[in-house]
Every structure is written in C-alpha cells, then in structure tokens.
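Student: quick one, what's the 3D model for this:
(chains A, B, C, D and E)
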Amino acid sequence: MMKALRLPGRALGGFDHGVHPPHHKERTEDLPIQRLPFGSRFVMPLGQHIGAPSVPVVKAGDAVRRGQLIAGPGGFVSVALHSPVTGKVLDVGPHRYSDGTFREAIAIEADPYDSQEFEGAPIDWESLSLEAFIGEVQKAGIVGMGGAAFPCHVKYSLPEGTRIRCLLINGAECEPYLTTDHRLMVERPEALLHGAEIVRSKLGAEEIVIGVEKNKPDAIEMLQRSIGPGQPVRVVPLEVKYPQGAEKMLIKSIFGVEVPAGKLPRDVQIAVNNVGTIVAIADYFQKGMPLIERVVTVSGPGVAYPANLLAPLGTPIRDLLRFAGGLKEETRQVVMGGPMMGASIADLDAPILKGSSGILALTANETGRPEERPCIRCGRCVEACPYFLNPARFARLARARLYEEMAEKYNVMDCVECGCCTYSCPSGIPIVQHIRTAKDYLRSMTRKEK
Amino acid sequence: MTQKDPKLLIQPGPQLRQEMTTPVVMRDVWYALTPATLAGIWFFGLGAFLVLLASIAGAVLVEWFFSPQEKRRYFLGDGSAILTGWLLGLTLPPALPMWMAFIGGAVAIGLGKTIWGGLGGNLFNPALVGRAFLLATFPIAMTTWTAPGDFFSIPSSVFALPLMQGEVDALTQASPLGLMKFAHKETGFFDLLFGNTSGSLGETSGLLLILGGVYLWWRRDLDWRIPVGILAAAMVFSSILFLIDPDKYPGPIFSALSGGMLLGAIYMATDPVTSPLTPKGTWIFAIGIGLLVILIRVFGGFPEGMMYAILLMNAVTPLIDRYTQPRVFGRGLDSK
Amino acid sequence: MAKSQQQAYDEFIKGVWRENPVFVQVLGMCPMLAVTNSAINGIAMGLATFFVLVCSSFFVSLLKSFIPKQVRISCFIIIIATFVTVVDYTLLALVPKVHKELGAFIPLIVANCLILGRQEAFASKNTIPMAMLDAVGMASGFLLALVSLGGIREILGEGKLLGFSLFGPNFEPWVIMILPPGGFITLGLMLLFFNWVEERKKKLDAQLAAAEGGAD
Amino acid sequence: MGDLGWIFISALLINNFVLAYFLGLCPFLGVSGKLETSFRLGMATVFVMVITALCAWILNTYVLIYAPYLRLISFIVVIASVVQFIEMVIKKLSPALFRSLGIFLPLITTNCAILGLAIFATNKGYGLWEGLVYALGAGLGFTLAIVLMAGLREETELSEVPVLVKGIAFNLIISGILSMAFMGFAGLFSSS
Amino acid sequence: MSDQEQQAPAGGAEEPSPNRLVGTLAVAGLISGVIIIAVYLATFNTIKENKARELREAVFRVLPGVAHMQKLLLKDGKLVVSHVEEKDEEPIYAGYDKEGNFIGYAIPSAGPGFQDTISVLYGYRPKERLVVGMWILDSRETPGLGDKIYKDAAFVANFDRLEVDPKIVAVKKGTKSKPNEIDAITGATISSKAVVRIINEGNERWLSKLPEPGSEPAFEKVEEKKGEKGKEGQEHPPGANDEGL
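Tutor: Predicted structure coming up:
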C-alpha cells in the first residue's frame, strides 16, 4: 500500500507552514549537564506516562534502593516505575501534581547517609529476541522523553506485516529555551549512537537518521565525528522552525512523506525516537539503569543561573529552581516543558516527571498576553498551522459551540495542539484552548456513544 | 524563597506570543497611508484635509456611540474605526461637502461594521460600504472631480450646509478614467505615477501608494497575493482588450495606475476581515476583483469599478472560503 | 356591549399596531419595498391593497359555509384575483399616472401573502363584522407602514413630502433612498427601530413588575 | 451584445429580480439560512420560471388576445396547475430529483417572482425565445442572490451580531448592501 | 412564510363529492368572470381614451405644429395607414397640421439604457432630414442623474433641429459645435449616449423605408376620438410599456 521509502541524506525542503518563535537557547546551549544534588523527598506519580497507571509493588515503610522497581506496568500501554533514590517509602497516596491536582503517587524519603551510587550490570541485548527486547524496554520504564511520555515499547511492537526500514532520531528540539537533547548530543554522542544501534538492530531497520535543527551546529558536528566506520547513520541538518520536532513534521521534512491522518509513523516504515529516549535505552542496556533520572533544562529570564541539570525523577521543581539560583522577583509563571506546548505549574513542590524536558521561569515580558480582540480573519493562523487546518474557523465554531461541525467538516481531531495558531494570532485569541475544549467534548461524546 | 513564592499565573499554552497585535497592524496601515495622504492634501489643498477629517470624525463618532460601555475604552485603541474613516476619506472627491463625508463615515461604521457585530464580524469592507452608499446617494457630488490646485484655497462646496448642495467653484476636471471612458483620452504615465491628476483625494499618487504597500508587505501585514492577483488579472485582461483594439480600450499600464486600482488593491481588498482566509481562496478573490474591475470599467456604466468589484467579491468570500479549504496534512493522500 | 366594543376595538387595533403586517409579521414585502419611493405611491398601493383585502374578506366570510375545505385556497385566490383585476382596471381608467408608477406591482397584490393569509387565518373562520374589522385593521396597518416608509424615502430622497418641497431648492437629494438599496436599508432600519422600542418596553414592563412585586 | 444576451445579463445582474425588483423576497429572506437549501430552491425556481415563461407565452399568444381581462386569473391558475402537474410527473419519473427540488415547487408557485416574471415578460412584449431567456436570467439571478445571501448569513451565524439586529432587519440590511454592490453592474454592455 | 403553508386540512368533516368541489370552483369562476367583465366594460372606453390621449400628447410634443396624427404600418415594404391594432407590428406615426398637410413622422424606438430599457419617441422631418423633438416614453434611469434625459429641459431641447447625417453624436457638455451633435448630461453620459444610440438605431431601421418626401400617405379623415374599430383590446402605444417600470 505504501510507497517505498526513500532514504535521502538531506532534508527534502522541510514541512510547510509553522512558525519561527525566537529560540532563546543561548542561555543554556553551551552549559554542560550538571548533576543535581539529591534532595530529601521524592514523589513518583503512578501515571506519569500516557496509558494505564503503574501498579505499586511497595508500601509505606518499605526500604527501597536506587533503581529498584516500585511499581509494575498496569497493562500493555503502561511502564514500570523505579525508585530514583535509596531510602524509605513514606506513603502511597494522593500527592500534588504540577497542575495543582492530586494524583496517586509513591513518596520516598532519601536516606541521607547513602551514597546514592547506582549499582547495576549491563544487559546482553544482542541475544535478546524482539519480544524480549520489548519486554526489557517496558521493564526499564522508558517512555518518550520529548514531552509526550508515550511508552516506548509500544512503538516497537509492530503489527503483523509492518516493518521498519528506518529509525529516525528526533534531535530537532524545536521548542524555545530547551537544550536537553542538544547537550546530550554534544556530551554523549557515543551513548546515543549505541542506543540507536541497539534499537535499529532489534527492529531490523536498515538505517538510522538523526534529524537535528541547524541551530545546533556543534551537535551535528559531534555526531558526525562520532559515527563509527560502517555504521549506517546519517545526520540530517534541518531548517529551524517550530514544530519541526513533531514526528509527522519531521518525517515530512526528511523523507517528504506525509503520514496519513490517523496513522502512525510505522505505517510509513519509520520509527521515531527522541534523543533522550535513545540515551535512556543505552543507559539501561549498558549499565542496567532504568529510567530514574533525566536531563532538565532550567531556564528563562526568571532564574539567575540557567542550567542543564541531570535530576532524579520525582525531585521537587523547587529544588531545581533553587539550584539555578532561585526565582527572581519578577517571575510571573513557571512552565513545565517548552513554552509552546508546556503547561503552567501551580505548585512548585510538585515533582519532575519522565516527560519533563524543561522548567522555565517566565516574567511578565513573556507571559503578557495581548488583550483578546475579535478575530479579524487575517489568516495568520491558517498559514501557521502545519496540519493545514483552519484554526480561525475552529475558534469561531467553538465559540458558537458547533463542535460537531468542527469535526465533520474541518477535521478538528487531527490537531496536535502545537500552538502555532495561538502563537501567531494578533488578536490574542486562545485558539488552542478552544480546540482543546472541542476535542474534549467530542471525545466525551464518542465515549458516551460507546 | 520558600516563604515568598511569587504568585504564579496559570494559563494555557502556548506561553509565547508573537509581537504583532491588531492595534499594531492597524497602526502600520496608518503609517503606510500617510505619504499618499500627504501627497493628496498637497495636491488638492486644505479642503481635502477637511474632507478627510470629516469622514474620520463620522466613523469614530458612530463607533464610539454604538460600542457597549465596557468596550468604549478602546474605541481609539484598536484603531480600526479611524482606519475605516481614513480609507473612506481617501476615496472621496476633494471638493465633497464635509457633511457628506461625515455621513459616509457614519454609514461606513454603522451599516458596514456595527450591525455586523463590530470588528471581525463585517463581511463587506466598511469603507467601501460607506463609499457605495455615498455614490448611490449623492451621485453628482461624488463624481465631481477637481483639478489639483492651490494649497490654501478651499473650495466653498466643502463648507456646504448639511443637507444642502455644494456649489463647486474650483476648476472641475474629469478624472483620467472618465476621460478614458467618455473621451478615449489617455492620461500620461508620469502624471498617474506621481498623482498630479484629478481624482479621489488619496488615490492619485500611484508611487506613494505602492511604497506604502511595500512597507506593509515588509511588515508582513499584507497578503501579497491580493494586490498581485488583482493587478495581474486586471493587466492581463486589459492587455487582451488593448491588443484587440488599442484605440478603444485602455492599455494595461493605464489600467493599473489609474483610478482606485492601487488604493483598492493594496489597502481595501486586502482588508483581512473581508477577504478569504485560505491561500487558494485569496487567489480566486484577487483574480475575481481584477476581472470585474476591467469588466465594469470597460463594458459597464461606471468609469471606475474598483469599489463594486471589491464589494461583489466580498459577497462571494464566504462561498470561496467554504470551497477552498486546504487539504489537511495527511488526508486525501491515497484514495486508491 | 362594552365588552364586545372592546373586542371590536382589539380586532381593529391589533392589525394597526400589535400585529402590524409589515413591522411585526413581516408580510407583503414585495409591494412594500417596490412602490414606496414616495408617500403618494405608498398611499395608492396601500389603498389598492385595502380595497382588495376588505372586499375579499367580506366575500370569504360571507361564503365561508359554502366553500368546501378542499378547494378553499383556490376559491380564495379566485376571489382575490377578481378584486385585484377590478382595482387594476379602475386605477388605469381613473388615475393612469399613478397606475404607471405602480406598474406591474398592482397585479402582484395577488401574491401578497398578507391577503391570502388573512382569509385563511381569520375571514374564513369569523363572522362578517369581525372579518371586516380585522381586514380594515390589517389593511390600515399595511397602509400605515407603506405611507411611513414611502414618506421617509420621499423626504430624504427628494426633499419633499407628498410633493411639497420641505428644504428649499438647494436640498441635495439622497438618491439612494429612491433606489432599491435604499428600500432595503430603510425598512431594515425601521424594523430595527421597532425591535428597539419593543425591547425597551419589555424592559420597562419588567422593571415595573419588579417594582410592584417589591411593593407587595 | 445581442438582444438575447442583453436580456439575459439584464435579468441576471442589472435588474436582478430580488435586488432591484424586490420580487421573491419571502423565500429570499426566509429560506436563505442554509446554503444547500438555497441553491436547490434557486434551481427549482429557474425550472418553474422557464415553465412559467412558456405558459405565459402560450396564454398571451393564443388566449389572452381575445380576453385580456382574464390575464391575471389565467396566469395564476394555469401556472399553478402546470407546476403541480409537473411536480407529479417528476415524482413518478425521478424520485431523486423530486427529493432535491420537488418540495420547493408548491412554495415557489405562490411566490410573487413567478407571477412577476409572467407579467413583466408580457409587458415588455417578449416573444417566446426572449421570454425563455428572460426567465432563465431571472431565475439564475434569483439563485445567485439567494446563494450569496445564504453564504453571508451562514458566516454571520458565527459572529456576534447584536441581538437587536438579528433576524429580518439584519437580512434586509445585508440585502441592501448586496443590492448596492449589484448597482455596479448598471449599464453593463449597454454602452457601445 | 405565507400562511397558507401552515394550514393542515381539517379532518373530521365528511368528504364532499367531487362534483360539489368542481361546482364550487365553477361558480366562483363564473361570478368572478362576471365581475371582471363588468368592470372591464365599464372602464374600457376611459382607458382607451387615456392611452390615445397619452400617445397623441407624445406625438404632438415631438412634432411641433401637429394637429392630427395617424398610425402607419410597414406592409410589403410600403407604409400604409392602419386603424386597427395588430400584434407584432412596429408602427410609426405621421403628423399633419390643421389643414391635413404632412409635417413629419413620430418614430418610437427602444434600447438598453443605464438601468433598463429606454423607450423613446422622436419626431423626424424627412424633408430636411432633421430630428425635431424627443420624448422619453419609459425609462428607469437613476433619479437625479439619468432621469435628466427627460427632466432636464436643456437636454430635451438638444433634439430640436438635429441633423441625422451622418449620425447623431453626444459630446461633452458645452462642446456642441456641429448640427448633428448634442450636449451630453454631465454625470449621466451613459444615459445621454443611450438616447442618442436609440435614435440612431431608429433612424437606421426606418429612414430607408420611408417614402420619398412629398409622397407620404395622405391624412385619412377618421374619427380619432371614437377609437379605431377592430378587435377589442387594450391598445398599447407601441414601445411604451404601459405598466411602466
């Protein structure tokens, strides 16, 4: 059914539409990754990935070691959780989440006298079958680290008749401010390439393509230098444009192929993984270390000393900010993730999660919104939408509560909420917000029908 | 720090916004219009300035009067009412009685915008609704063109009492389009380019209008497809006619530079509210205007058709928008 | 007796004001707009319609028991068309100038939904006096609307009312008022005005009711 | 421009039945809420108008020269019956066509645009072909106006039109502006 | 919309027989026919007189000095006097002075104007080949602008003693210099030109068919007042659409 995949070595001219927000990466792009000192209290929410929540296997008072399993996967689309520290389980119960809601989580108190060294052994990946490999990835708790936190092993479980010809590694990191993937590519290219090789060989792909935006020349150079002889890896420099890192856009940019609506990259014989994810896989198979820590960019004009921090999962956001010099007084908003798709943080004591790629402290300068004015149908959103949807129409229809029409005539469900429309709107209309409302409503309606 | 967390804002993403806002866009258009406006006032004298002011006053007052209390604070803020009055003023004859200009401005906002629910709701270009109303209401005053003259002499017709006729004492002179239509006389290229001809007070100086357009394009406030499409379609159509009979029909350069063509193509048709949203639709819209203008100018009853062409295509815009939705990413690929 | 007088008055006044065929029921738009470019035309058209409506109502009410339900619409139309033809010829004979002004819109009275509507909704179900009152009321309301619209259009469009100059010779006529767009826009604005009056009245009533409720 | 061509253009654009003659206002204001419906109503009107022109010509040529006073009544009765008859025929022969156009037919027959067409064509002294072209132009003109109107109205459904304005008043004012825009066609092809 | 749509047939009552239905309609038709015919007959003469008077006034206006007129039709290439109304014939009118001497023709012509068809009647004197008067029978030109073609006395006066050779031409107001030129109305150039074009078209159609000057059909003494005999019917002044729009 699908056209044979072409595997060019350079970008085919990018995707259409999209926006060019100022990238602000200069604050942290040259700062090496630093390890954040261990704090005292860690909270691991059970549902920090997409899919079913994990099922706890420890209870209050249990002693846990760093990297020890504390919750098993709650189904196929679910992953395991591991303790980020050596210490004692305080309780298993509701804890504040970064958006202010309470969710089930395991709270752990770190043992202040432990060295917190991780002890583990490499895993012999070469002898594993694909199924076993997938099981290992699930066991390691690895999810997409770009922000969506989709369980990684699900991507590798291919339906009958599907095959992957290319492993595409997403190093675009198109969100402003964030530099975690960038630093990983510069500092740990071997780990990245090794992890990529593991996945490639297990999936039976022919080639590894790493797409990196052109504003990271050092990363491109470092990767190119590190490619071993005969390794089937290509590094493709990409135009700097948001949302270059959305996987369908990335595929379009590199291969010139559109993933059909409602289909996945595997339907065009491509598997896409984030740089951080691949490095986590490498860490697991090389050192036996499951996903218990990640690199987080702490940046924004609201912090004095922006940094790229390697932080244990479950660390309170406050600890990261404190390490970066604390919040300045003019801070108005703290965002988890990138400024385009990230969400506001309501509680600084909430933990960082597997999907937290950045903590950004923003001042009035960035958070100020233009006063909301009537839509003047200027069409900027239409020309920004990478999915060629009609956001202006969505906003009008949503205001009139014509949600069904949005889905039937204008394909609102195809929207990935990248935020380009709201970003580009001169009238300050929260278009994405309207779209989210509509999508929520439509989803609840379909659920009801079922 | 633990004690004094700043009060944190919770707002949905995206957190970043580009800098362009509606008032900035409106103000950009002001800047772009300024040179051509000054040129118009220079050519036609202070009277033209008064006409312009009257039209803006009509627009702004009605906007203010009909906006709900809580919105009144930005009656000047988003600048759209001033812009409407201004654009309308630029399309008026320089010796029009002020009271007519005032009514034009009032109708432009009242019928062209307010009843549609204000900015963004109107489907016809408000300034042109005002002008169409004036042209249908005061056909003689609206087609009495004066020749460029002394800067300080103000035609007495400008001060005509409300509801009364204005006696035009200035030197009247047919506009280049009128000369073309009724006497088959073509006006010189440089006169058209620099605006030293009779005509509406802001439409004569082709060069400055184009400069303003380039500024808007550079500021990305302007959908370049619209002026390009209009001018291209109009010029191609008139070239064809010109090739058929050069004595009877005007040439493409004349068509592009004369009358309200540039003012309309760059500032009126591009009004985002009343032009299609989709790129493909925009082309259809622009080409439609270009063809209609020449059709009306050459075969119709009026020497100038820009206003009607734009209004007619405004009326078609909802249909265009409906049938030119772009192909959604990843859809309609393999219908096999 | 007083009660029946009150009822009669009600039947009459509802057509003039409360259920005004043009401003409230929005019926009979075509003649309403087409011929009202001056007050005199409005009066002529209004009177022609008046005649047709009253005569038709009379006959329909008179004959209502003879007309079987199945063919009633056809009968109504025949009755109406008869009187329209009568009006047509009478005007042509007596006032050819007016007839020329109104032109083809006199025969089109047949298609005026107002007339057929009244037969169907009222005359065919009520006694002759009531039907007459209703017809006179409705026709007066229609006449009133035509005259007011025609008057406004004439005043602005020509500076005259019923041919008398109001503003002197220097008046600048608002030509659009005599043209079709002027008809649409003027009637639109008049309806808008009526809406506004209604709205205000409702608000006042509500305030009054609230005040009274508070007093109790 | 030939005579027939000018008759067509004139009925379609310059002297549009709705926007210049105020004919057919009931459906124009009442049925123009939805684009789809409007278009089908327009097509049905074209159909009825062409039949009307034919009937009117036959009546004028063969009947009414002997009895001019029956003009009005015979137009009404004959046109209504013929349309009803055709409606039944369509229902039998093509249910699909009936579903898309048929429901409008009775509505259209009572519409003043139809009677107006017959009377105008008679007054202008049009022959058979002129009458048919006139009907086609008038019908398409009606369709054009109602479709544009429906497009505009559907769009305004989504904007915040003041409550006070909504409804017939607003539709009339939109028609007024549309009518103003159509004035641009005045004099089209009449100047040499 | 219209009320009749809402009405559902009231059930309950027993079905009247078809005969009764047809009968009712027939009776209604009969009564209506009687009324109509009565009114028609009552108004017939007045209407006819009105029409005749209107036409006569128009003819007298475009042909100064005329006291009598008669209708001429073209039959087999010859102009013959006609007293009956015939369909599909385009008549012209001949005007005579009190003594019955031929003065000129009044020719109707029509064509598209700015808004709609303009119907013109103009007087023509074949001897001098001059247009001597113009009258607009019917037009829908813009009030205040195009309607000056009949409201503006100066414009109408243009058509007095206007040469038809080679062709009448409308020029910009104030620049009339030749005997075949007229001053157009400022701001209503299209309407002015339309009138000129319509007259030129009338000339093209008729001038070649007119008999040699001197051999015009003589005036036949017929009672003009009491109406031409022939079929009963509304007399349409040709070109003048009585239901003027």
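Student: now what about stretch A:210-219, what contacts it?
Tutor: With Cβ atoms under 8 Å, 6 or more residues apart in numbering or on different chains as the contact definition, stretch A:210-219 has outside contacts at A:11, A:23, A:25, A:29, A:168-174, A:182, A:185-186, A:192, A:196, A:220, A:223, A:233-241, A:244, A:250, A:253-254, A:275. No exception for glycine: its C-beta is placed from N, CA and C like everyone else's.
Student: what do you get for stretch A:315-330?
Tutor: A:36-37, A:39, A:41-43, A:84, A:98, A:296, A:298-299, A:301-307, A:309, A:311, A:334, A:336, A:345, A:348-352, A:359, A:361, A:363-364, B:1-2, B:5-6.
Student: my guess is residue E:106 is in a helix, correct?
Tutor: No - according to DSSP: H, G, I helix; E, B strand; the rest coil, residue E:106 belongs to no helix; its state is strand.
Student: what about it, how many residues nearby?
Tutor: Neighbour count for residue E:106, taken as other Cβ atoms under 10 Å in any protein chain shown: 29.
Student: ok, what's across the strand from it?
Tutor: residue E:93, residue E:123 (DSSP bridges).
Student: how much space separates it from residue C:194?
Tutor: Distance of residue E:106 to residue C:194, given as Cβ to Cβ, to the nearest Å: 51 Å.
Student: before we move on, the earlier item: list only buried entries from the contacts of stretch A:315-330.
Tutor: For the contacts of stretch A:315-330, a burial check counting by 16 or more other Cβ atoms under 10 Å in any protein chain shown picks out A:36, A:39, A:41-43, A:84, A:98, A:296, A:298-299, A:301-303, A:306-307, A:309, A:311, A:334, A:336, A:345, A:348-352, A:359, A:361, A:363, B:6.
Student: re the thing from before, so which of the contacts of stretch A:315-330 are in helices?
Tutor: residue A:364 (DSSP state H).
Student: over to residue A:142: give its phi and psi.
Tutor: With angles defined as degrees, to the nearest 10, residue A:142 sits at phi -90, psi 130.
Student: now residue A:242. Nearest residue, chain neighbours left out?
Tutor: residue A:174 (4.7 Å; Cβ to Cβ, 6 or more residues apart in numbering or on different chains).
Student: and residue C:54, how many neighbours does it have?
Tutor: 20.
Student: between the two ends of stretch D:27-38, how far is it?
Tutor: Stretch D:27-38 has an end-to-end distance of 9 Å (Cα to Cα, to the nearest Å).
Student: pLDDT at residue 2, what is it?
Tutor: The chain I'm using is chain A. The per-residue pLDDT reported for residue A:2 equals 41.
Student: my question was about chain E
Tutor: For residue E:2, pLDDT reads 39.
Student: so of the contacts of stretch A:210-219, which ones are in strands?
Tutor: A:168-171, A:233-238 (DSSP state E).
Student: what two of those are the furthest from one another?
Tutor: A:233 and A:238 (15.8 Å; Cβ to Cβ).
Student: more neighbours: the two, which one.
Tutor: residue A:238 (25 against 21).
Student: partners of that one in the sheet?
Tutor: Applying DSSP bridges, one finds that residue A:238 bridges with residue A:213.
Student: any idea how far it lies from residue D:159?
Tutor: Counting by Cβ to Cβ - residue A:238 and residue D:159 are separated by 40 Å.
Student: please go through the chain and pick out the longest helix.
Tutor: Defaulting to chain A. helix A:431-449.
Student: oops, wrong one, chain D.
Tutor: Max-length helix for chain D by DSSP H is helix D:128-157.
Student: tell me the buried residues in the helix or strand just after it?
Tutor: Using DSSP states H and E, the helix or strand that directly follows helix D:128-157 along the chain is helix D:168-182. Across helix D:168-182, burial judged by 16+ other Cβ under 10 Å covers D:168-182.
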